[in-house]
Structures are given as C-alpha cells and as structure tokens.
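Q: With the sequence up front, the predicted model follows.
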Amino acid sequence: MVNMTPIEKAVAKANEKPVEGAGKIRFESNVAFGGSTVHVLAMDNGLRVLLLVDRSAPVVAYATWFRVGSRHEKPGKTGLAHLFEHLMFNETEHLKAGEFDRKLEEAGAESNAATWLDWTYYYEAVPKDRIGLVIQLEADRMAHLVLREAQVTSEKEVVANERRYRVDDDVEGLASEMLYRTAFQRHNYGWPTIGWMEDIQGFVPADCESFYETYYAPNNATVVIVGDVREADVLTKLRAAYGKLPKAKIPDEDTHPEAPQTEERVVTLRKPTATEKLVIGYHGPALADPDHAPLAVLSEILLGGRASRAYRAMLIDSEIATDLRGWASTFRDPGLFEVYLTARPGKTKDELLAAFDKEIAKLHDETVSDDELQCAKARLELGGLQSLDTASGKAEQIGFYDTVVGDPAGAFRRLEAYRRVTAGDVRRVARRFLVNRARTIVHVLPEQTQNEAA
Amino acid sequence: MSTTEIDLGGGAKLFLEPSSVLPLVSIVVAFRTGSAHDPPGKEGLSRVTARMLRRGSAGLDAMETERAIDRLGGEVSFEVAISSTAVGAQVLARNATAFVDLVAKMIATPAFDEGELARLLRETRAELLETLDNDRALADRFFRKKLFGAHGYGRTSRGTAASIAAIDREAVKAHHRKHYVRENAIVAMSGDVEPAFAEKLARTIVDALPDGTPPGEVLTEPSPITGRQLVFVDKPDRTQTQILIGSLGTSAHDPDHVPFVVANNIFGGTFTSRLTREVRGKRGWSYGASSRLGVDRKRHSFAMWTFPASTDAAACIELEISLLEKLLEGGVTDREIKFMQRYISRSWAFEIDTAQKRVHQALDVEILGLPRDYYDKYLEHVANVTAESANAALRARLDPKNLVIAVVGTAATTEGAVKAKIADLASDEVVPYDLESR
C-alpha cells in the first residue's frame, strides 16, 4: 500500500473484509471540482459512486440519481416515474410503512426527491454521525420496496392533487405543459413529467412493480456523497449495503428524435387570469451541445435581470410587460429555449410579441457589446457559485451534471465555457436557434377577453 | 455563537461571520422598522421606498445602477416585512469594495426621481393584478386579514390599488428620511472577507447614513378572535381549494413559545406529523398538509395549510378541525416529545451549516429584540420541554372553537358543502378574489 493514494488505500480497506456475496469497489479516477476533488468509484454490480470530502460543516449530503425519468415512459402510462418517486417513501421488506421517514427525521435529516424528464433523484442530508443509517435505508429501498394496492391508490390521489396544484389551477403550469406538448410531437419530452390526469388515475400496482424491476438497480444509479466523512468508513458501509444487490438488464431506450420544426405553431389557452400572457419555446440545444453555454449567455443578455435588453424594452421603455423570464432547458436531448412574458393590463399578446421579435432581430443582425458580455458572464459566475454553498448544493450539481452529461465537474466546466463565449458566438446561436419556424407560441387569454387569437 | 458583533457607533452594529468556503461576500443591511410603519391609507409605502433604492442615486441613474450591479457579479434584493426592512446583497469577493460603495450610495442617497417613482407605482399596480394568479398567496392574505383585522399584522405590505395611488414622492422621501438612519441600521456580513476589511466595508455603509432617531414600536398585542369565522375567497374555475385554518399563536418572547413550537412540529411540522399522516398519508387528499407558526415581535399566527381537490375540501376541513380538537383534548405524548426533541436537536446542524445562516440568526435576535443568547440556548430550551409544558402551551394558545377558516375556491360549487361541515360557524362571508386590486 506504500504507493497508494489515500483514496486507493480507503478502497483497499473497504474491500478487505469478506462480505458474503458482495462484489468489490474499485477506484476509477479523480476529477477536479474547483479546489476540491471528486473521487469516481464503481462497484462490481455497476453502482457508480462519486465522493467529495468536504469538512466545512459537520454534515453529509447523500444523493441517489437514477437514470430514469419521464422520457422512459410510454403513452398511456405517463407520470409513472414521478408516481414511483412518491412510492419510494413507503414500506420495504425490512421497514413498515412510515418508518423510512420516521427514522430519517429521528436522525435530524433533511430529505426529498425529484423527477424530471431525464432522471429521478433522492436526497438526504444528515449530521455526519448518521451517514450509516442513510446508506442502509437507501440500499434497502433500491431493492426491497413493497408495493401494495392501498398505498398505490392513496399516492395516486396525492399526485392528482399535486397536478391540480402545479398545473390545472396554475396558469403558467398549464401553459408550460401546452408548450411542450405542442413543440414535441415525436420525442417523449412532449408529455409532462407529472403525467396526464387520466394516466395518473389509471395506474395499478403491477405498473409500478414492473417499473421498479426494470429501472431500480445499482447499474442504473449513481450515489453522490459530499460532506464530512472518512473515506474508508463510508466505502466500507457502501459495500456492505449495496455490494450484494443484483444488476438488472436495463432496456435499450426507445426514444425518437424530434424532427426539425419547419413552421411556427400557435395555440391558445383561456383561463381566469387578469392579463394576457405569451409563452414561447424555440427548439434549442442539448445541455452537452457546445452551443448551450453561448445560449445561456444570450439568455442573460436578453432576459437576465433589470439591465437586460428585453426588460429594458418591455418593462421600462414601453411599459407593456409586468414580468418576463426565460432560459435554455438543461436536458440530455435537445430541449427548448423558453420565454414567459406577461402583459400589462390593457396591453396585448401581439404587442408583446412585436417588441420581443424586435429584440430577437437585433441579436441576429448585430453583435452584443463587450459590456453586455461582461455583465452576463459575471451574473452567471455568481449564480454558479451560489449553487455550491452547501454540501447538498454541491451534491446536486455533481449528480446532475454526471447524470445528464457524464461529467461530475460539469458545473465548473460550464463556468469555463461561459468565460470563452464571444459576441460572435452569441450572434451565431441566435441565428441557429431563435428562428420563427422553429418556435411554438402559447397565447394565454383572460376568460372574459373577446379578441381571441388567430 | 461564533458570530462577532462590532459596534459601528451611533447605534449601528455589524454582525460578522467570515468563511472562505466560496469566493462570495454576502451583506444584509437591515433596518428595525418595516411595513407596520406605513401610514394608514398608504399601505405599501415601505416597500415602494425600498424598491426605489435601486432606481437611481447620487451620480447614477436607474439603468446605470443595474449595469454596475451586474458588471461586478452582484445581486441586490429588498425585503420589507412587518417589523424590518432588509437590503440583501451578494457579490463575487474580488469586487466587494466597489460593490459596497455602490450599495451605500443606493441606500443613503437615492434620487427618488419623479419619473422613476411614477413608473414604479404603475408597475406595482400591474403586479397587484398578477398576484391574483397565486391562490396560495390569496389564501394567506385573506386569512391574515380576517385573523388580525386592523392590527398591523392584518395590513398588506404590498398595498392595494387605492393605497398605491395615494403614495407620492414627498411621502417616499419622508419615509426614507425617518427610517434609513444610522441608529436604525444593522449590517450582517458573511463570506470570504477578512474581519478588518469587513468592518471597513460596513462603515462605508453606515457612515453614509444620516443620524436620526428611529421611530419607536407601533405594534400592539393583537386581540384573539372569537367563534369560528369562515372567509370564502371566490375565484372561478377552481379544481382545487387553498385552505388555511388557524388563530393566534405565540411570540418568540413568550415563555411557552418553545414548548408551543415543539408541539406544533408534532402536530403538523414534519412529514411524519399527525396532520400530514392523516390528510396526505392515509387519505391522499392534499399534496401538502402542514401547520406553521408565524414569528414576529408580537404574538403571531398558528395555521394549518392544505390544498385538497374542491370535492374533498369540506371533508378535509372537518378532519383538520377534529384533529385539532383531538390534539387539545388528548395532548401530545412523552414519546412524541422525545422524538421531536431528537429531530430538532439533530437537524440543528442544518440551521448553522453556512456562514450566511449563522449571521442571519444574529440578525433575527436583533430584529425581534430577543435575548442575546436565544439561539445559543435554543436546544437547551427544546430539551427542557415536557409533554406537560407542551400541552399547557397548546391549551393556553389554541381553542378549536375560535378559528379563522380561509378558503380560496369556486363558491358556487364548494362553499355550501364547506359551510355545512363546520359546526357552530359564528360568521361567514364570500369575498371576490380581486377585492384588493380593484
């Protein structure tokens, strides 16, 4: 062990003790993460482990990322990945219903989960002396969940209520759902992660069991650990808990790329809302596309903050908008550049669109100024650093970038990419992505309005 | 507490919590007065004044100010609460000096340009209409209005269409002159900054402020409500309701505050609490089901929050009231207390895991006028809670016969069923959801 690095020594120690039926852990690489290091490790059963020792607070963040999201669902079964995320907090072969949350709360843990188009993740943050409990609980529910009719029925109700809250009674939620449904006619990104209401209500336990067997396995997951841990101790515990879990045969994905959009699509939604609104989605790049960072810079120049071009034009100079926001989606496959515009009372969606299009035309025709570039990059640098404030924040960034683009230090790679963006890059991505034929527009009109959109 | 307190003279002070974890510096410049000081008829004045700070100051117009913030990798926000006003700022550490100069100018020498103010007032009126899309915020607004009435806690800090129209430049200037004075200021700084440098930065800010005597306390103790009072906020086409049920709670100064907090956590403060288990876990009626305590200088609120489908609203309200009755009759148990004590003491690590959180605790103590060692001794107070003290607090503070029930939903389809399920209703009213924005 003389020439081994500390992490290699920790791996050797974790593999020392015989654990019946358990495979071994191996060290794969170190990846620089700002001034720290993420250790990349793997188990024989395919579990990927990313470890960052961070002693800035006596806590540990623990996140399990499964490479399954709503894109892996089928028509008629939409919302299954998300419903399943809810069910993961239920009974296991070793724990009664409710015990999972109770044990975590008793340990003082924060815990939650999220499902999105490309992934599902579960997260806990615990005082450092409780890491063993989290490892046990997470390994247990990865392989030993029990799905009963009563729990599935009750959780379907909870999710139906979540859908009413986030979508059916929420103007922006509904408009966003319409945008994706209209923009993606072939790719699975077209259906909502929460699922269509009739699909949510139609699930039976067998759907959930089959989903669990198919996608919840160590070789479809990455565990991210950030915090005040001793490497050998945590790896020994991981091996004991996960080492025996069997691999699954993860099916090949059956996703169709979205065909290029060749003409503008427009849909209209009427809701009890005070003013007209516009939601616009341009087909954009995947997160790993080299043009994603320039598009993020463009987004800042156009829509980021009060000095941005659209804010100035629409909220200050012409006072036709109350609110505007936008971003490039951060998905594994090409997503959308989304824009949300809210009109002032008495102003129309047509006025909003005309003013917005004027700004887009400028981005096509002229280069942005050095000062605008500098402001946008500084804003992005601040935002990037803010997301790394806590152990949980770091664990989320590591897990997210690893899952979507295969790089645990993707957050820092992004900051480097922003620095390299030029005014020419911004104009190029405007011309590549912000084109009318490749956009979808959702008009939101107050129910009482007479001037229904064409 | 690891936070350092530094006297900046003239009544101003600095709380400091250096940390080199990230190359960022966070600054809060807080004032001990908030929207409780809005003159009657001018609700929203504190908030308008605070929002004007970024719209031009000595030598910089509004757009130049925004550009300067962005260029430095900074961010500035304004939060006006009932009892405090806070300018929150964060910046890349390498630009801290220039940024603090800018923030000091914004706070101390705002231009209050007539044209900018007119623009902000138009913007505010439009925003009031947009908040009507947020059913949760509507429930909260009408709950507090019903619970606190004319008391400061029942007033709106955002203003109404009428009160915003009554605000002019003279009112804004007078408000600024009165409240943004050195003696009223507290600076909280955290992040990648050396103590001596931090003190210098803080002095840049407070030295720019004029001397003056800040206005005193205007909040009185709120009066409890009597009977069960329903306010149904009518909004078309709702598939779901937003429901708040509650009454007065405690103030952080009350001797039974910590026992009350522990009891509330058992009832509805965590995912395994009674309310969450019954409403969400067993019945699936609401995605969220919790009970929360408002905390301020005076006795604030206790409220249960759920958002069931319209068809489940009446049954859900009936269940919530019965759970509250059961809580008061049977009380919490020793076992529940011990469980919650473990949860609170172990999860304390997440209350203090960043420098920013630690310095904000010091700021809270100062703003709420709590004993200096309030957070240092917090876990000790929690450990001393018994089932007896928790139940005494519950029974002293809550009475299921005296409740405000605020529901946002569609009255035509839901209100009748809701009324029918609330026994001994003392009053009920249906109000249009856009009442305050007309």
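A: That came through fine. If you're wondering where the values come from, they're calculated on a predicted model, not measured in any experiment. Residues are numbered from 1 along each chain as shown, chains lettered A, B, ... in the order given.
Q: Quick check: A:V368 touching A:V421?
A: No - contact criterion C-beta atoms under 8 Å: A:V368 and A:V421 do not qualify, at 10.0 Å. All C-beta atoms are positioned from the backbone trio N, CA, C, and that covers glycine.
Q: What separation do you get for the nearest residue to B:I205 once chain neighbours are set aside and A:G305?
A: Ranked by C-beta to C-beta, 6 or more residues apart in numbering or on different chains and with sequence neighbours excluded, the top spatial neighbour of B:I205 is B:A104, at 4.5 Å. Relative to A:G305, B:A104 is positioned 21 Å away (C-beta to C-beta, to the nearest Å).
Q: More neighbours: which of the two?
A: For B:A104 and A:G305, the more surrounded residue by other C-beta atoms under 10 Å in any protein chain shown is B:A104, and the numbers stand at 21 against 16.
Q: check which helix or strand covers the more buried one.
A: helix B:96-108 (DSSP states H and E).
Q: Which elements pack onto that helix?
A: strand B:24-31, helix B:62-71, strand B:74-80, strand B:85-92, helix B:195-207 (3 or more C-beta pairs under 8 Å, 6 or more residues apart in numbering or on different chains; DSSP states H and E).
Q: residues in contact with the residue of chain B found nearest chain A?
A: In chain B, the residue found nearest to chain A is B:R346; the distance is 2.4 Å by C-beta to the nearest C-beta. Neighbour list for B:R346: A:106-109, A:127, A:130 [criterion: C-beta atoms under 8 Å, 6 or more residues apart in numbering or on different chains].
Q: Among these, name the ones in strands.
A: Judged by DSSP state E, strands contain the following of the contacts of B:R346: A:P127.
Q: any chance of the contacts of B:R346 in CSV, with neighbour count, pLDDT and distance to A:H39 too?
A: Putting the contacts of B:R346 into CSV (neighbours: other C-beta atoms under 10 Å in any protein chain shown; pLDDT from 0 to 100; distance: C-beta to C-beta, whole Å) gives the following:
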residue, neighbour count, pLDDT, distance to A:H39
A:E106, 17, 96, 30
A:A107, 22, 97, 25
A:G108, 21, 97, 26
A:A109, 26, 97, 23
A:P127, 22, 97, 22
A:R130, 22, 97, 21
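Q: out of the contacts of B:R346, who's nearest chain B?
A: Minimum separation from chain B among the contacts of B:R346 (C-beta to the nearest C-beta) is found for A:G108, which lies at 2.4 Å.
Q: Nearest spatial neighbour of A:H144, chain-adjacent residues omitted?
A: A:H144 sits nearest to A:E93 (C-beta to C-beta, 6+ apart), 4.1 Å away.
Q: who touches that neighbour in this structure?
A: A:140, A:144, A:146.
Q: Give me the pLDDT for the last one.
A: Going back to what we said before, that points to A:V146. Listed pLDDT for A:V146 reads 95.
Q: pretty sure A:V339 belongs to a strand, no?
A: Yes - per DSSP: H, G, I helix; E, B strand; the rest coil, A:V339 lies within a strand segment.
Q: show me the contacts for the nearest residue to it once chain neighbours are set aside.
A: Excluding its sequence neighbours, the residue lying closest to A:V339 (C-beta to C-beta, 6+ apart) is A:G326, at 3.9 Å. Contacts for A:G326 (C-beta under 8 Å, 6+ apart) come out as A:299, A:302-303, A:310, A:337-340.
Q: Done for today, thanks.
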